[in-house]
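Only the shape, not the letters, is given here:
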(Lines give C-alpha, C1' and ligand atoms only; values in the text may rest on other atoms or scores of the structure.)
Protein backbone atom coordinates (compact mmCIF):
# COMPACT_ATOMS: atom_id res chain seq x y z
CA UNK A 1 0.00 0.00 0.00
CA UNK A 2 1.20 3.47 -0.86
CA UNK A 3 0.37 6.10 1.70
CA UNK A 4 -0.92 9.50 0.64
CA UNK A 5 0.33 12.38 2.77
CA UNK A 6 -1.59 15.65 2.65
CA UNK A 7 0.19 18.77 3.78
CA UNK A 8 0.94 22.29 2.55
CA UNK A 9 3.44 21.92 -0.29
CA UNK A 10 5.98 24.66 0.46
CA UNK A 11 6.81 24.25 4.17
CA UNK A 12 8.08 21.55 6.51
CA UNK A 13 5.52 22.47 9.18
CA UNK A 14 3.78 19.74 11.13
CA UNK A 15 3.82 17.52 8.05
CA UNK A 16 7.57 17.06 8.52
CA UNK A 17 7.08 14.91 11.62
CA UNK A 18 5.06 12.50 9.49
CA UNK A 19 7.52 12.65 6.58
CA UNK A 20 10.42 11.71 8.87
CA UNK A 21 8.52 8.66 10.16
CA UNK A 22 7.57 7.56 6.63
CA UNK A 23 11.15 8.00 5.44
CA UNK A 24 12.76 6.17 8.38
CA UNK A 25 10.34 3.28 7.93
CA UNK A 26 11.03 3.15 4.20
CA UNK A 27 7.33 3.50 3.38
CA UNK A 28 6.16 4.28 -0.10
CA UNK A 29 4.19 7.51 -0.07
CA UNK A 30 2.98 10.34 -2.25
CA UNK A 31 3.21 13.89 -0.93
CA UNK A 32 -0.04 14.75 -2.67
CA UNK A 33 -0.07 18.54 -2.52
CA UNK A 34 3.44 18.65 -4.00
CA UNK A 35 2.42 16.56 -7.01
CA UNK A 36 1.10 18.08 -10.18
CA UNK A 37 -1.62 16.89 -12.50
CA UNK A 38 -5.21 15.79 -12.13
CA UNK A 39 -6.33 14.78 -8.66
CA UNK A 40 -3.22 16.16 -7.00
CA UNK A 41 -1.88 19.43 -5.66
CA UNK A 42 -3.47 21.72 -3.09
CA UNK A 43 -6.96 21.48 -4.68
CA UNK A 44 -7.07 17.77 -3.79
CA UNK A 45 -6.09 18.58 -0.21
CA UNK A 46 -8.80 21.22 -0.04
CA UNK A 47 -11.43 18.72 -1.19
CA UNK A 48 -10.78 16.67 1.95
CA UNK A 49 -11.04 19.72 4.22
CA UNK A 50 -14.31 20.63 2.52
CA UNK A 51 -15.66 17.13 3.16
CA UNK A 52 -15.95 16.30 -0.52
CA UNK A 53 -13.83 13.14 -0.28
CA UNK A 54 -14.79 9.96 1.53
CA UNK A 55 -13.38 9.13 4.95
CA UNK A 56 -13.43 10.91 8.27
CA UNK A 57 -13.28 14.70 8.15
CA UNK A 58 -9.91 16.26 9.08
CA UNK A 59 -9.87 19.64 10.83
CA UNK A 60 -6.50 20.64 9.34
CA UNK A 61 -3.44 19.16 7.60
CA UNK A 62 -1.40 17.05 7.98
CA UNK A 63 -3.53 14.03 7.26
CA UNK A 64 -2.63 10.61 5.94
CA UNK A 65 -4.63 8.32 3.71
CA UNK A 66 -3.94 4.63 4.29
CA UNK A 67 -6.13 2.62 1.96
CA UNK A 68 -9.63 3.88 2.71
CA UNK A 69 -8.74 5.31 6.09
CA UNK A 70 -8.05 9.03 6.48
CA UNK A 71 -6.45 10.13 9.71
CA UNK A 72 -5.36 13.53 10.97
CA UNK A 73 -3.50 15.10 13.91
CA UNK A 74 0.26 14.61 13.76
CA UNK A 75 0.59 12.61 16.98
CA UNK A 76 -2.33 10.39 16.00
CA UNK A 77 -0.78 9.62 12.61
CA UNK A 78 2.50 8.77 14.33
CA UNK A 79 0.69 6.48 16.76
CA UNK A 80 -0.62 4.58 13.75
CA UNK A 81 2.69 4.50 11.88
CA UNK A 82 4.57 3.58 15.05
CA UNK A 83 2.51 0.42 15.47
CA UNK A 84 2.62 -0.53 11.82
CA UNK A 85 6.29 0.05 11.12
CA UNK A 86 8.20 -0.70 14.31
CA UNK A 87 8.67 2.92 15.32
CA UNK A 88 7.28 2.35 18.83
CA UNK A 89 7.44 -0.44 21.41
CA UNK A 90 4.88 -3.21 21.07
CA UNK A 91 3.78 -3.40 24.68
CA UNK A 92 1.18 -0.96 25.98
CA UNK A 93 3.21 0.94 28.58
CA UNK A 94 5.99 1.68 26.09
CA UNK A 95 3.48 2.72 23.42
CA UNK A 96 1.80 5.15 25.81
CA UNK A 97 5.10 6.54 27.06
CA UNK A 98 6.25 7.18 23.47
CA UNK A 99 2.94 8.88 22.70
CA UNK A 100 3.14 10.98 25.87
CA UNK A 101 6.57 12.24 24.80
CA UNK A 102 5.23 13.00 21.32
CA UNK A 103 2.37 15.05 22.78
CA UNK A 104 4.86 16.99 24.92
CA UNK A 105 6.93 17.65 21.79
CA UNK A 106 3.72 18.86 20.10
CA UNK A 107 3.14 21.31 22.96
CA UNK A 108 6.66 22.66 22.51
CA UNK A 109 6.05 23.02 18.76
CA UNK A 110 2.86 25.01 19.46
CA UNK A 111 4.80 27.33 21.75
CA UNK A 112 7.51 27.85 19.13
CA UNK A 113 4.83 28.77 16.59
CA UNK A 114 3.31 31.28 18.96
CA UNK A 115 6.62 33.11 19.43
CA UNK A 116 6.03 34.69 16.01
CA UNK A 117 2.23 34.41 15.96
CA UNK A 118 0.98 35.17 19.49
CA UNK A 119 -2.21 36.93 18.37
CA UNK A 120 -3.57 35.25 15.25
CA UNK A 121 -2.38 32.73 12.66
CA UNK A 122 -4.36 34.66 10.08
CA UNK A 123 -2.31 37.85 10.55
CA UNK A 124 1.19 38.54 9.26
CA UNK A 125 4.09 38.44 11.68
CA UNK A 126 4.61 42.16 11.06
CA UNK A 127 1.10 42.84 12.36
CA UNK A 128 1.84 41.18 15.71
CA UNK A 129 5.53 41.91 16.05
CA UNK A 130 5.26 43.89 19.26
CA UNK A 131 3.42 41.03 20.96
CA UNK A 132 5.81 38.51 19.38
CA UNK A 133 8.79 40.23 21.00
CA UNK A 134 7.16 39.84 24.41
CA UNK A 135 6.10 36.25 23.90
CA UNK A 136 9.45 35.19 22.43
CA UNK A 137 11.23 36.80 25.37
CA UNK A 138 9.24 34.69 27.81
CA UNK A 139 9.68 31.58 25.68
CA UNK A 140 13.46 31.91 25.56
CA UNK A 141 13.75 32.97 29.21
CA UNK A 142 11.48 30.33 30.70
CA UNK A 143 9.73 27.80 28.54
CA UNK A 144 12.50 26.58 26.24
CA UNK A 145 14.77 25.63 29.14
CA UNK A 146 11.93 23.84 30.88
CA UNK A 147 11.25 21.67 27.82
CA UNK A 148 14.86 20.96 26.89
CA UNK A 149 15.84 20.19 30.50
CA UNK A 150 12.92 17.77 30.58
CA UNK A 151 13.94 15.86 27.45
CA UNK A 152 17.61 15.81 28.49
CA UNK A 153 16.49 14.30 31.77
CA UNK A 154 14.28 11.70 30.08
CA UNK A 155 17.33 10.58 28.10
CA UNK A 156 19.44 10.44 31.27
CA UNK A 157 16.79 8.41 33.11
CA UNK A 158 16.12 5.87 30.37
CA UNK A 159 17.13 2.62 32.08
CA UNK A 160 17.94 0.92 28.75
CA UNK A 161 19.77 4.13 27.82
CA UNK A 162 21.41 3.85 24.46
CA UNK A 163 20.75 7.42 23.55
CA UNK A 164 17.07 7.05 22.58
CA UNK A 165 14.10 8.41 24.51
CA UNK A 166 12.27 5.11 24.97
CA UNK A 167 13.93 1.75 25.60
CA UNK A 168 16.85 0.62 23.47
CA UNK A 169 15.52 1.44 20.00
CA UNK A 170 14.62 4.49 17.97
CA UNK A 171 10.95 5.58 18.06
CA UNK A 172 8.96 8.22 16.21
CA UNK A 173 9.45 10.49 19.25
CA UNK A 174 13.21 10.51 18.60
CA UNK A 175 12.60 11.55 14.99
CA UNK A 176 10.31 14.35 16.14
CA UNK A 177 12.74 15.55 18.78
CA UNK A 178 15.48 15.67 16.13
CA UNK A 179 13.21 17.84 13.97
CA UNK A 180 12.49 20.21 16.87
CA UNK A 181 16.17 20.55 17.81
CA UNK A 182 17.12 21.21 14.19
CA UNK A 183 14.33 23.78 13.95
CA UNK A 184 15.39 25.50 17.18
CA UNK A 185 18.96 25.72 15.86
CA UNK A 186 17.58 27.44 12.78
CA UNK A 187 15.27 29.83 14.63
CA UNK A 188 17.37 30.66 17.68
CA UNK A 189 20.99 29.89 16.74
CA UNK A 190 22.71 32.05 19.36
CA UNK A 191 20.62 30.70 22.23
CA UNK A 192 21.03 27.09 21.16
CA UNK A 193 24.78 27.47 20.67
CA UNK A 194 25.19 29.05 24.06
CA UNK A 195 23.38 26.15 25.73
CA UNK A 196 24.87 23.31 23.73
CA UNK A 197 26.95 21.95 26.65
CA UNK A 198 23.88 21.75 28.83
CA UNK A 199 22.19 19.42 26.34
CA UNK A 200 24.84 16.85 25.43
CA UNK A 201 22.38 13.99 25.30
CA UNK A 202 19.99 15.91 23.08
CA UNK A 203 22.87 16.76 20.74
CA UNK A 204 23.93 13.12 20.58
CA UNK A 205 20.36 12.04 19.79
CA UNK A 206 20.15 14.62 17.03
CA UNK A 207 23.38 13.36 15.44
CA UNK A 208 22.28 9.75 15.77
CA UNK A 209 19.03 10.46 13.92
CA UNK A 210 20.86 12.42 11.24
CA UNK A 211 23.20 9.47 10.70
CA UNK A 212 20.43 6.92 10.07
CA UNK A 213 20.93 5.85 6.49
CA UNK A 214 17.38 6.57 5.30
CA UNK A 215 17.15 9.86 7.18
CA UNK A 216 20.53 10.94 5.89
CA UNK A 217 19.46 10.19 2.30
CA UNK A 218 16.16 12.00 2.85
CA UNK A 219 17.81 15.12 4.26
CA UNK A 220 19.99 15.36 1.15
CA UNK A 221 17.08 14.79 -1.23
CA UNK A 222 14.72 17.28 -2.81
CA UNK A 223 11.92 15.80 -0.77
CA UNK A 224 13.30 17.66 2.27
CA UNK A 225 12.07 21.24 2.11
CA UNK A 226 14.29 23.93 3.64
CA UNK A 227 13.46 25.83 6.81
CA UNK A 228 12.02 29.26 6.01
CA UNK A 229 10.14 32.20 7.41
CA UNK A 230 6.88 30.61 6.26
CA UNK A 231 7.08 27.66 8.63
CA UNK A 232 6.94 26.95 12.36
CA UNK A 233 10.64 27.57 13.02
CA UNK A 234 11.47 31.06 11.77
CA UNK A 235 14.68 32.98 12.12
CA UNK A 236 13.79 36.51 13.13
CA UNK A 237 16.93 37.79 14.89
CA UNK A 238 14.95 40.45 16.77
CA UNK A 239 12.96 37.74 18.59
CA UNK A 240 16.12 36.13 19.86
CA UNK A 241 17.20 39.55 21.12
CA UNK A 242 14.06 39.80 23.22
CA UNK A 243 15.25 37.50 25.99
CA UNK A 244 16.47 39.07 29.18
CA UNK A 245 19.30 36.65 29.99
CA UNK B 1 -7.28 -1.20 41.24
CA UNK B 2 -7.78 2.35 42.41
CA UNK B 3 -6.44 4.99 40.09
CA UNK B 4 -4.54 7.98 41.43
CA UNK B 5 -5.20 11.23 39.60
CA UNK B 6 -2.70 14.05 39.98
CA UNK B 7 -3.85 17.55 39.17
CA UNK B 8 -3.94 21.00 40.71
CA UNK B 9 -6.50 20.86 43.52
CA UNK B 10 -8.46 24.09 43.03
CA UNK B 11 -9.31 24.17 39.32
CA UNK B 12 -11.05 21.99 36.74
CA UNK B 13 -8.34 22.66 34.16
CA UNK B 14 -7.12 19.82 31.98
CA UNK B 15 -7.62 17.39 34.84
CA UNK B 16 -11.37 17.70 34.35
CA UNK B 17 -11.27 15.78 31.07
CA UNK B 18 -9.76 12.85 32.95
CA UNK B 19 -12.19 13.18 35.88
CA UNK B 20 -15.18 13.03 33.53
CA UNK B 21 -13.89 9.81 31.98
CA UNK B 22 -13.18 8.22 35.37
CA UNK B 23 -16.64 9.22 36.61
CA UNK B 24 -18.53 8.00 33.55
CA UNK B 25 -16.71 4.68 33.70
CA UNK B 26 -17.45 4.35 37.41
CA UNK B 27 -13.75 3.91 38.23
CA UNK B 28 -12.47 4.13 41.76
CA UNK B 29 -9.93 6.93 42.01
CA UNK B 30 -8.24 9.27 44.44
CA UNK B 31 -7.78 12.91 43.44
CA UNK B 32 -4.45 12.98 45.22
CA UNK B 33 -3.69 16.70 45.41
CA UNK B 34 -7.13 17.33 46.92
CA UNK B 35 -6.56 14.83 49.73
CA UNK B 36 -5.00 15.80 53.02
CA UNK B 37 -2.56 13.89 55.19
CA UNK B 38 0.77 12.19 54.68
CA UNK B 39 1.69 11.28 51.13
CA UNK B 40 -1.11 13.37 49.64
CA UNK B 41 -1.77 16.95 48.61
CA UNK B 42 0.25 19.11 46.23
CA UNK B 43 3.61 18.08 47.77
CA UNK B 44 3.03 14.52 46.55
CA UNK B 45 2.24 15.81 43.06
CA UNK B 46 5.42 17.90 43.11
CA UNK B 47 7.51 14.85 44.01
CA UNK B 48 6.51 13.26 40.70
CA UNK B 49 7.35 16.39 38.71
CA UNK B 50 10.73 16.52 40.47
CA UNK B 51 11.39 12.90 39.48
CA UNK B 52 11.50 11.70 43.08
CA UNK B 53 8.83 9.02 42.58
CA UNK B 54 9.16 5.91 40.47
CA UNK B 55 7.65 5.67 37.02
CA UNK B 56 8.08 7.70 33.86
CA UNK B 57 8.65 11.42 34.32
CA UNK B 58 5.65 13.66 33.57
CA UNK B 59 6.26 17.13 32.13
CA UNK B 60 3.12 18.60 33.73
CA UNK B 61 -0.18 17.57 35.36
CA UNK B 62 -2.57 15.94 34.83
CA UNK B 63 -1.05 12.52 35.23
CA UNK B 64 -2.59 9.22 36.25
CA UNK B 65 -1.08 6.40 38.24
CA UNK B 66 -2.46 2.99 37.33
CA UNK B 67 -0.72 0.39 39.45
CA UNK B 68 2.97 1.03 38.80
CA UNK B 69 2.39 2.90 35.58
CA UNK B 70 2.42 6.70 35.52
CA UNK B 71 1.08 8.38 32.42
CA UNK B 72 0.67 12.03 31.48
CA UNK B 73 -0.83 14.15 28.71
CA UNK B 74 -4.61 14.38 28.86
CA UNK B 75 -5.28 12.79 25.47
CA UNK B 76 -2.85 9.97 26.21
CA UNK B 77 -4.55 9.21 29.53
CA UNK B 78 -7.91 9.16 27.76
CA UNK B 79 -6.54 6.80 25.12
CA UNK B 80 -5.65 4.40 27.94
CA UNK B 81 -8.94 4.80 29.82
CA UNK B 82 -10.92 4.54 26.60
CA UNK B 83 -9.49 1.10 25.87
CA UNK B 84 -9.80 -0.15 29.43
CA UNK B 85 -13.31 1.04 30.20
CA UNK B 86 -15.30 0.94 26.99
CA UNK B 87 -15.06 4.67 26.30
CA UNK B 88 -13.78 4.17 22.76
CA UNK B 89 -14.46 1.71 19.93
CA UNK B 90 -12.45 -1.51 19.99
CA UNK B 91 -11.39 -1.58 16.37
CA UNK B 92 -8.37 0.45 15.28
CA UNK B 93 -9.97 2.91 12.87
CA UNK B 94 -12.59 3.93 15.45
CA UNK B 95 -9.96 4.24 18.17
CA UNK B 96 -7.83 6.51 15.99
CA UNK B 97 -10.80 8.62 14.91
CA UNK B 98 -11.83 9.13 18.55
CA UNK B 99 -8.28 10.09 19.44
CA UNK B 100 -8.04 12.47 16.48
CA UNK B 101 -11.18 14.26 17.69
CA UNK B 102 -9.74 14.43 21.21
CA UNK B 103 -6.54 16.03 19.91
CA UNK B 104 -8.58 18.58 17.98
CA UNK B 105 -10.52 19.34 21.18
CA UNK B 106 -7.15 19.77 22.94
CA UNK B 107 -6.10 22.31 20.30
CA UNK B 108 -9.30 24.25 20.91
CA UNK B 109 -8.67 24.16 24.67
CA UNK B 110 -5.16 25.56 24.13
CA UNK B 111 -6.60 28.40 22.08
CA UNK B 112 -9.19 29.19 24.76
CA UNK B 113 -6.40 29.34 27.35
CA UNK B 114 -4.42 31.73 25.20
CA UNK B 115 -7.32 34.19 24.92
CA UNK B 116 -6.46 35.32 28.46
CA UNK B 117 -2.78 34.32 28.47
CA UNK B 118 -1.39 35.14 25.02
CA UNK B 119 2.06 36.16 26.26
CA UNK B 120 3.05 33.98 29.21
CA UNK B 121 1.39 31.50 31.56
CA UNK B 122 3.69 32.78 34.29
CA UNK B 123 2.27 36.33 34.12
CA UNK B 124 -1.06 37.55 35.49
CA UNK B 125 -3.90 38.23 33.11
CA UNK B 126 -3.71 41.89 34.06
CA UNK B 127 -0.12 42.01 32.81
CA UNK B 128 -1.13 40.84 29.33
CA UNK B 129 -4.62 42.27 29.07
CA UNK B 130 -3.94 44.46 26.07
CA UNK B 131 -2.66 41.47 24.10
CA UNK B 132 -5.49 39.31 25.46
CA UNK B 133 -8.07 41.68 24.03
CA UNK B 134 -6.52 41.31 20.60
CA UNK B 135 -6.17 37.56 20.77
CA UNK B 136 -9.67 37.02 22.17
CA UNK B 137 -11.08 39.20 19.39
CA UNK B 138 -9.51 36.98 16.75
CA UNK B 139 -10.54 33.83 18.59
CA UNK B 140 -14.19 34.85 18.77
CA UNK B 141 -14.25 36.28 15.25
CA UNK B 142 -12.51 33.41 13.49
CA UNK B 143 -11.28 30.40 15.39
CA UNK B 144 -14.25 29.53 17.60
CA UNK B 145 -16.64 29.29 14.65
CA UNK B 146 -14.17 27.17 12.72
CA UNK B 147 -13.94 24.65 15.57
CA UNK B 148 -17.64 24.55 16.46
CA UNK B 149 -18.70 24.30 12.81
CA UNK B 150 -16.30 21.39 12.49
CA UNK B 151 -17.69 19.42 15.44
CA UNK B 152 -21.30 20.17 14.42
CA UNK B 153 -20.44 18.78 11.02
CA UNK B 154 -18.79 15.67 12.44
CA UNK B 155 -22.03 14.97 14.33
CA UNK B 156 -24.09 15.52 11.20
CA UNK B 157 -21.87 13.21 9.15
CA UNK B 158 -21.72 10.33 11.64
CA UNK B 159 -23.30 7.51 9.64
CA UNK B 160 -24.43 5.71 12.81
CA UNK B 161 -25.66 9.11 14.04
CA UNK B 162 -27.33 8.81 17.39
CA UNK B 163 -26.00 12.10 18.64
CA UNK B 164 -22.46 10.96 19.52
CA UNK B 165 -19.29 11.92 17.69
CA UNK B 166 -18.12 8.37 16.92
CA UNK B 167 -20.38 5.48 16.02
CA UNK B 168 -23.48 4.71 18.04
CA UNK B 169 -22.04 4.95 21.56
CA UNK B 170 -20.60 7.58 23.86
CA UNK B 171 -16.78 7.95 23.84
CA UNK B 172 -14.35 10.00 25.90
CA UNK B 173 -14.36 12.60 23.09
CA UNK B 174 -18.07 13.26 23.76
CA UNK B 175 -17.30 13.82 27.44
CA UNK B 176 -14.52 16.24 26.54
CA UNK B 177 -16.66 18.11 24.04
CA UNK B 178 -19.35 18.51 26.71
CA UNK B 179 -16.72 20.01 29.04
CA UNK B 180 -15.54 22.45 26.36
CA UNK B 181 -19.09 23.56 25.49
CA UNK B 182 -19.92 24.07 29.15
CA UNK B 183 -16.71 26.04 29.61
CA UNK B 184 -17.39 28.19 26.56
CA UNK B 185 -20.87 28.98 27.90
CA UNK B 186 -19.22 30.11 31.12
CA UNK B 187 -16.47 32.18 29.48
CA UNK B 188 -18.35 33.67 26.53
CA UNK B 189 -22.07 33.53 27.41
CA UNK B 190 -23.31 36.19 25.02
CA UNK B 191 -21.49 34.74 22.04
CA UNK B 192 -22.59 31.20 22.78
CA UNK B 193 -26.21 32.21 23.32
CA UNK B 194 -26.28 34.15 20.08
CA UNK B 195 -25.02 31.12 18.16
CA UNK B 196 -27.05 28.45 19.89
CA UNK B 197 -29.29 27.78 16.89
CA UNK B 198 -26.32 27.20 14.67
CA UNK B 199 -25.14 24.38 16.93
CA UNK B 200 -28.23 22.29 17.62
CA UNK B 201 -26.36 19.01 17.48
CA UNK B 202 -23.67 20.24 19.84
CA UNK B 203 -26.35 21.39 22.26
CA UNK B 204 -28.07 18.02 22.12
CA UNK B 205 -24.79 16.23 22.77
CA UNK B 206 -24.13 18.45 25.75
CA UNK B 207 -27.54 17.69 27.25
CA UNK B 208 -27.16 13.97 26.58
CA UNK B 209 -23.84 13.88 28.46
CA UNK B 210 -25.30 15.90 31.33
CA UNK B 211 -28.14 13.41 31.62
CA UNK B 212 -25.91 10.33 31.98
CA UNK B 213 -26.64 9.07 35.46
CA UNK B 214 -23.03 8.98 36.69
CA UNK B 215 -22.16 12.33 35.12
CA UNK B 216 -25.30 13.90 36.51
CA UNK B 217 -24.42 12.65 40.01
CA UNK B 218 -20.84 13.84 39.61
CA UNK B 219 -21.83 17.34 38.50
CA UNK B 220 -23.98 17.69 41.64
CA UNK B 221 -21.24 16.38 43.93
CA UNK B 222 -18.47 18.24 45.71
CA UNK B 223 -15.99 16.43 43.52
CA UNK B 224 -16.95 18.80 40.68
CA UNK B 225 -15.07 22.05 41.15
CA UNK B 226 -16.72 25.23 39.88
CA UNK B 227 -15.52 27.22 36.88
CA UNK B 228 -13.48 30.21 37.99
CA UNK B 229 -11.05 32.87 36.85
CA UNK B 230 -8.17 30.59 37.82
CA UNK B 231 -8.92 27.96 35.19
CA UNK B 232 -8.86 27.58 31.43
CA UNK B 233 -12.36 28.95 30.84
CA UNK B 234 -12.54 32.42 32.41
CA UNK B 235 -15.32 34.92 32.26
CA UNK B 236 -13.75 38.30 31.57
CA UNK B 237 -16.59 40.29 29.95
CA UNK B 238 -14.13 42.69 28.31
CA UNK B 239 -12.67 39.83 26.25
CA UNK B 240 -16.06 38.97 24.84
CA UNK B 241 -16.48 42.63 23.93
CA UNK B 242 -13.30 42.49 21.82
CA UNK B 243 -14.89 40.72 18.86
CA UNK B 244 -15.77 42.77 15.82
CA UNK B 245 -19.00 41.00 14.84
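Sure thing, it's come through. Computed from a predicted structure; not experimentally measured. Residues are numbered from 1 along each chain as shown, chains lettered A, B, ... in the order given.

contacting residues for residue A:109?
A:14, A:180, A:232 (Cβ atoms under 8 Å, 6 or more residues apart in numbering or on different chains). Bear in mind the C-beta positions are built from the backbone N, C-alpha and C, glycine included.

can you do 10 Å?
A:13, A:14, A:17, A:74, A:176, A:179, A:180, A:183, A:232, A:233 (Cβ atoms under 10 Å, 6 or more residues apart in numbering or on different chains).

Also residue A:224?
The contact partners of residue A:224, by Cβ under 10 Å, 6+ apart, come to A:12, A:16, A:19, A:20, A:23, A:215, A:217, A:218.

again, only using 8 Å
Here residue A:224 is in contact with A:12, A:19, A:218 (Cβ under 8 Å, 6+ apart).

same question, residue A:71
Contacts of residue A:71 by Cβ under 8 Å, 6+ apart are A:56, A:58, A:63, A:64, A:77, A:80, B:96, B:97, B:100.

again, but for residue A:73
With Cβ under 8 Å, 6+ apart, residue A:73 has these contacts: A:59, B:99, B:100, B:103, B:104.

would you list the residues you listed in a markdown table and tack on distance to residue A:44, pLDDT and neighbour count?
Output for the contacts of residue A:73, formatted as a markdown table (distance: Cβ to Cβ, whole Å; pLDDT from 0 to 100; neighbours: other Cβ atoms under 10 Å in any protein chain shown):
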| residue | distance to residue A:44 | pLDDT | neighbour count |
| --- | --- | --- | --- |
| A:59 | 17 | 98 | 21 |
| B:99 | 25 | 98 | 27 |
| B:100 | 20 | 98 | 27 |
| B:103 | 23 | 98 | 22 |
| B:104 | 21 | 98 | 23 |
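
The closest residue to residue A:240 other than its chain neighbours and chain B, how far apart?
Closest residue to residue A:240 in three dimensions, ignoring its sequence neighbours and counting by Cβ to Cβ, 6 or more residues apart in numbering or on different chains: residue A:188, at 5.1 Å. Using Cβ to the nearest Cβ, to the nearest Å, residue A:188 is found at 17 Å from chain B.

still on that earlier bit, just to be sure, which of the contacts of residue A:224 are found in helices?
Among the contacts of residue A:224, the subset assigned to helices under DSSP state H consists of A:19, A:218.

Just the closest of the contacts of residue A:224 to residue B:146, please.
Nearest to residue B:146 among those, counting by Cβ to Cβ, is residue A:12 at 23.5 Å.

Distance of that closest one relative to residue B:35?
46 Å (Cβ to Cβ, to the nearest Å).

Neighbour count: those two, which is higher?
Ranked by neighbour count (other Cβ atoms under 10 Å in any protein chain shown), residue A:12 and residue B:35 place residue A:12 first, with 24 against 14.

Let me see the contact set for the more buried one.
Here residue A:12 is in contact with A:19, A:179, A:183, A:224, A:225, A:227, A:231, A:232, A:233 (criterion: Cβ under 8 Å, 6+ apart).

which of the residues you listed count as buried?
With burial judged by 16 or more other Cβ atoms under 10 Å in any protein chain shown, the buried subset of the contacts of residue A:12 is A:19, A:179, A:183, A:225, A:227, A:231, A:232, A:233.

Of the contacts of residue A:224, which is the nearest to residue B:110?
For the contacts of residue A:224, the nearest to residue B:110 is residue A:12 (21.1 Å; Cβ to Cβ).

Keep only those of the contacts of residue A:71 that are in strands.
A:63, A:64 (DSSP state E).

all strands of chain A, in order?
A:3-6, A:29-31, A:63-66, A:69-72.

Would you mark the buried spots in the last one?
The reference is to strand A:69-72. Of the residues in strand A:69-72, those buried (16+ other Cβ under 10 Å) are A:70, A:71, A:72.

that older thread, could I get the contacts of residue A:73 as JSON lines with distance to residue A:158?
JSON lines is the format used below for the contacts of residue A:73 (distance: Cβ to Cβ, whole Å):
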{"residue": "A:59", "distance to residue A:158": "34"}
{"residue": "B:99", "distance to residue A:158": "25"}
{"residue": "B:100", "distance to residue A:158": "29"}
{"residue": "B:103", "distance to residue A:158": "26"}
{"residue": "B:104", "distance to residue A:158": "31"}
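
Tell me which two in these are the farthest apart.
A:59 and B:99 (13.1 Å).

Domain-wise, how is chain A divided?
The record's domain parsing of chain A by automatic domain parsing lists A:3-84, A:92-212+A:230-240.

count of residues packed around residue A:128?
Count around residue A:128 with other Cβ under 10 Å applied: 23.

rewinding a little: let's have the buried residues of strand A:69-72 in JSON lines, adding pLDDT.
Putting the buried residues of strand A:69-72 into JSON lines (pLDDT from 0 to 100) gives the following:
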{"residue": "A:70", "pLDDT": "97"}
{"residue": "A:71", "pLDDT": "98"}
{"residue": "A:72", "pLDDT": "98"}
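
can I get the strands of chain A in TSV with distance to residue A:169?
Below are these laid out as TSV (distance: least, Cβ to Cβ, whole Å):
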stretch	distance to residue A:169
strand A:3-6	22
strand A:29-31	22
strand A:63-66	23
strand A:69-72	24
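
Let me know which of those strands is the nearest to residue B:87.
That would be strand A:69-72 among the strands of chain A, by Cβ to Cβ, at 19.3 Å.

Tell me the gap between stretch A:174-184 and the middle of its chain.
7 Å (Cα atoms, centre = their mean, to the nearest Å).

now stretch A:110-121
For stretch A:110-121, the distance to the chain centre is 15 Å (Cα atoms, centre = their mean).

Can you check which helix is longest in chain A?
Max-length helix for chain A by DSSP H is helix A:92-116.
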